[in-house]
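J.: no sequence on this one, just coordinates:
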């Protein structure tokens, strides 16, 4: 093996773990865009909006579909998290990923969520939609 190739491999071995996302374990998801971790951190999924379960804008059937799909995907699982900010309710606004797949992007692709255009600039994938 050439010396410069060996140096490149060593650099990748050192840098790659630093590039990995931090992880959290999701306890459960209250609705299609809000989850709680096992450490009680409330996560608002960035860049998407799902139908409401309650209130004047409630649309319970698609809201439950989104919630149930999200729970099936991440509840009890350790997922990658990219924390972006805190919202006005004190929740962490973040992107989640599981096995390298962006959770929010998956929800949009399946028609369970819409890109929240007001905040789409927070997520590279959402800017392209």
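T.: Perfect, I can see it now. All values reported here derive from a predicted model rather than from experimental measurement. Numbers count the residues shown, from 1 in each chain.

J.: Which residue comes closest to the residue nearest the centre of the chain once chain neighbours are left out?
T.: The centre of the chain sits closest to residue 96, judged by CA atoms, centre = their mean, with a distance of 2.2 Å. Leaving out its chain neighbours, the residue that sits closest to residue 96 by CB to CB, 6 or more residues apart in numbering is residue 103, at 4.1 Å. In this view, the C-beta of every residue, glycine as well, is placed from N, C-alpha and C.

J.: before we move on, back to that, spell out which helix or strand contains the residue nearest to the centre of the chain, please.
T.: strand 92-98 (DSSP states H and E).

J.: Sheet partners, orientation included, of the following helix or strand past that strand?
T.: The helix or strand immediately downstream of strand 92-98 is strand 101-102, counting by DSSP H and E. Strands flanking strand 101-102 in the sheet, each with its direction: strand 92-98 (antiparallel) (DSSP bridges).

J.: returning to that earlier point: and the residue nearest to the centre of the chain, how close does it get to residue 55?
T.: From residue 96 across to residue 55, the span is 24 Å (CB to CB, to the nearest Å).
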